[in-house]
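Engineer: Here is a sequence with its predicted model. Questions after.
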Protein chains: 2
Amino acid sequence: MKFNRILLFSMSALAANLCLAQDIKDDFQPSVLNQPGQQYPQVNSQGYARFKISAPKADSVRVSLGLGGKGGTVLTKGDDGFFTGTTGGPMDEGFHYYHITIDGGTFNDPGTLNFYGSTRWESGIEIPAHDQDFYALKDVPHGDVVQVLFPSRSTNTSRRAFVYTPPDYNKNQNKRYPVLYLQHGWGEDETAWSNQGHANLIMDNLIADGKIKPFIIVMTYGITNQLRFGHMKEFKIDTFQTVLTEELIPYVDAHFRTLANRQNRAMAGLSMGGMETHTITLNKPEVFSRYALLSGGIYTPEELKDKSKPDLIFISCGSRENPDRVRQAADALKQAGYNAVSFVSENTAHEFLTWRRSLYQLAPLLFQNK
Amino acid sequence: MKFNRILLFSMSALAANLCLAQDIKDDFQPSVLNQPGQQYPQVNSQGYARFKISAPKADSVRVSLGLGGKGGTVLTKGDDGFFTGTTGGPMDEGFHYYHITIDGGTFNDPGTLNFYGSTRWESGIEIPAHDQDFYALKDVPHGDVVQVLFPSRSTNTSRRAFVYTPPDYNKNQNKRYPVLYLQHGWGEDETAWSNQGHANLIMDNLIADGKIKPFIIVMTYGITNQLRFGHMKEFKIDTFQTVLTEELIPYVDAHFRTLANRQNRAMAGLSMGGMETHTITLNKPEVFSRYALLSGGIYTPEELKDKSKPDLIFISCGSRENPDRVRQAADALKQAGYNAVSFVSENTAHEFLTWRRSLYQLAPLLFQNK
């Protein structure tokens, strides 16, 4: 009987695949993250991704993206030496990391731009989201993204940070701005929020629409690469906390026109950056007044009591993560008298569309009671 | 007889290789351009490069770098599934682009960072130069590299530029600076001068040493990808000239504290960026007062007569390019009454160490008679 049930399951899965296969629309377009002039990978209006890789003498080419997590999408070799293939179903809207496996080795798709994730520069693909307008590059005034190299005595080097300054920053040389310190996730770095997250474009659009008062965003490397994935509890926050609170913040306050006080300073992070935000804000409640965790855990009233009270706590995740935990945490905080807000990104998981949407929801709540 | 001569030649080549092989020092270190934590590629003190690629089921792996231009370095498969190999001789000091060929397909080395060249993001490796100190990251005040998105009506989009501002830019809010517009070569883009060229570090070090008065550098994309390599004469300058002179320069002058006049504005470019510099400065002598061509052609007195006289003409190349042409061109210009300077980078070819050194020589000459 067990054999029959397995067989039945397999047959219905096959039927579903056949059904899906018939439904794939033939409106594939190059992904917007392709390198200049590259036609592949492509994406169709349903969210299927199609890949095409030249490797004339290779035996096997596989793409890490696909459904079911069973080794991704296997590409098929054609007579022209190209391997091609399409994901077994539509992908979540938004940004996805991936890589290709050629005869057992891990490489990037030469068609796409690379993005730093999983402690390496990986291929990226973008499935157009129905709400992509909020992070689109539009004909509006654009802020700058400033690469700074700040001295770090504690790590004995110059460290890099990116600083988003709003479009009016260079107009009025007397105006000062609040600051959000915004952290990436495990295996990513200080490039993630601009490259994968489009944080600068989200801000430009919110400002152009008059939905927020302008503020500065600072993004630096959270020193997370040493950690093996899945061993979060082994992480020691001290090194990064020192860099952030004793070196970077003073540098930013000295080099940019900031409002250099707790009231005008926020910290947020995605995934492991949320864990860092959680720990550092609880260790240093005198430094930040607004906290945000994006797919990066929760706060409890017990953790916060007897500390300087935050003005805002924002907790978010994708609907395919653990939305009930996020909502319940915000409810518990509200009942305990905190200004807590939860946000759940619909039909997304632990991925960048969740975090783009979270920043879009968070930004108007930050610093608005000034 | 012909056969014998070929055989003799082959034998002596083999002898030379054996001789070289015996001399390879075993002091290989990871290239400084490797991705975080990656051990390969490696470089030794003589300039040999060693590669190691995991591709357990591949039949052939080749690296485009090597001597003799005969398909680069062929890697040999070991029992552990890794392909390894060492270049057949020492490489030029400085930066080199490369890629790997796996079973006939073109990919990047997963060990290294990528750099935009040849109209694609390629692997990069750095052979430490004996004079690398001038572009090293040191414990000195660092300027910023600002990503700006400027509106371009003529191309109907927002375009990207990177703007280097010197370390004291944020200190004195009343000080204004001269500006150098600095162009990349064919197949590169606006990231080249910072990533491959270390233009910002060269400036930081020159300023820290008191060798130059600070100035701003602006780097944008020269719209060169459309051109097929080797068809330079088909290139039309109009599109880029309009973007540069009618859109970018006004934007930079409005958003940064520049000295917004011809006297304080220079243009320079490497390779095809030199060709663009040559054409645009001759078309628009009222916009720029100082011109520099780095491995990018020459000026003649005939071209310059009856135009606004430039305050400086700088012409450079590597000693393995055509140094006599560069020196003779500067001599002819000097005889015709122009302030012309030539520079030849020793033991380098058409590559980034030539251009790093050229910028280092050019910067102190640019705006020093202010």
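Structural biologist: Sure, I can see it. Computed from a predicted model, the values in this text were never measured in an experiment. Numbers count the residues shown, from 1 in each chain, chains lettered A, B, ... in the order given.
Engineer: count of neighbours near the residue lying closest to A:Phe95 once chain neighbours are set aside?
Structural biologist: Of all residues not flanking A:Phe95 in the chain, A:Phe352 sits nearest, at 4.0 Å (CB to CB, 6 or more residues apart in numbering or on different chains). C-betas here are computed from N, CA, C, even on glycine. Residues near A:Phe352, counting by other CB atoms under 10 Å in any protein chain shown, number 27.
Engineer: Hmm, A:Phe352 is touching A:Gly197, no?
Structural biologist: Yes - judged on CB atoms under 8 Å, A:Phe352 makes contact with A:Gly197 at a distance of 5.9 Å.
Engineer: List the neighbouring strands of the helix or strand hosting A:Leu180 plus their orientation.
Structural biologist: Assigned by DSSP states H and E, A:Leu180 belongs to strand A:179-183. Taking DSSP bridges as the criterion, strand A:179-183 sits next to strand A:216-220 (parallel), strand A:265-270 (parallel) in its sheet.
Engineer: any idea of the mean pLDDT in that strand?
Structural biologist: For strand A:179-183, mean pLDDT rounds to 98.
Engineer: which non-adjacent residue is nearest the residue in the stretch 101-250 of chain A that chain B sits nearest to?
Structural biologist: Closest contact between the stretch 101-250 of chain A and chain B, by CB to the nearest CB, is at A:Gly105 (3.2 Å). Closest residue to A:Gly105 apart from its sequence neighbours, by CB to CB, 6+ apart: B:Ala55 at 3.2 Å.
Engineer: Distance check, that neighbour against B:Tyr98.
Structural biologist: For B:Ala55, the distance to B:Tyr98 equals 16 Å [CB to CB, to the nearest Å].
Engineer: can you check A:Thr155 too?
Structural biologist: Distance from A:Thr155 to B:Tyr98, counting by CB to CB: 31 Å.
Engineer: what's the answer for A:Leu270, then?
Structural biologist: From A:Leu270 to B:Tyr98 the distance is 34 Å (CB to CB).
Engineer: on that earlier part again, contacts only, for the residue nearest to A:Gly105.
Structural biologist: A:Ile102, A:Asp103, A:Gly104, A:Gly105, B:Val61, B:Gly81, B:Phe83, B:Ile102 (CB atoms under 8 Å, 6 or more residues apart in numbering or on different chains).
Engineer: ok, now A:Gln361?
Structural biologist: So A:Gln361 contacts A:Phe314, A:Ser316, A:Val341, A:Phe343 (CB under 8 Å, 6+ apart).
Engineer: between A:Leu270 and B:Tyr98, who's got more neighbours?
Structural biologist: Between A:Leu270 and B:Tyr98, A:Leu270 has the larger neighbour count (other CB under 10 Å), namely 33 against 23.
Engineer: any idea how far that one is from A:Ala129?
Structural biologist: 17 Å.
Engineer: One more: A:Met219?
Structural biologist: With CB to CB as the criterion, A:Met219 and A:Ala129 are 22 Å apart.
Engineer: a markdown table for the contacts of A:Gln361, including neighbour count?
Structural biologist: Shown next, in a markdown table, are those (neighbours: other CB atoms under 10 Å in any protein chain shown):
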| residue | neighbour count |
| --- | --- |
| A:Phe314 | 25 |
| A:Ser316 | 28 |
| A:Val341 | 17 |
| A:Phe343 | 21 |
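Engineer: State the pair within those residues that is farthest apart.
Structural biologist: Using CB to CB, the contacts of A:Gln361 span at most 8.6 Å, a distance reached by A:Ser316 and A:Val341.
Engineer: list the buried ones in stretch A:109-118?
Structural biologist: A:Asp109, A:Pro110, A:Gly111, A:Thr112, A:Leu113, A:Asn114, A:Phe115, A:Tyr116, A:Gly117 (16 or more other CB atoms under 10 Å in any protein chain shown).
Engineer: With secondary structure added, can I get these in TSV?
Structural biologist: Putting these into TSV (DSSP: H, G, I helix; E, B strand; the rest coil) gives the following:
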residue	secondary structure
A:Asp109	coil
A:Pro110	coil
A:Gly111	coil
A:Thr112	strand
A:Leu113	coil
A:Asn114	strand
A:Phe115	strand
A:Tyr116	strand
A:Gly117	strand
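Engineer: Out of those, which are close to chain B?
Structural biologist: A:Pro110, A:Leu113, A:Asn114 (CB under 8 Å from any CB of the partner chain).
Engineer: Out of those, the closest to B:Leu149 would be?
Structural biologist: Using CB to CB, these come closest to B:Leu149 at A:Leu113, 16.9 Å.
Engineer: residues touching the closest one, list them.
Structural biologist: Contacts of A:Leu113 (CB under 8 Å, 6+ apart): A:Leu33, A:Asn34, A:Gln35, A:Ser123, A:Gly124, B:Trp121.
Engineer: could you redo the last one with a cut-off of 10 Å?
Structural biologist: Residues counted as contacts of A:Leu113 (CB atoms under 10 Å, 6 or more residues apart in numbering or on different chains) are A:31-36, A:38, A:121, A:123-126, A:195, B:114, B:116, B:121.
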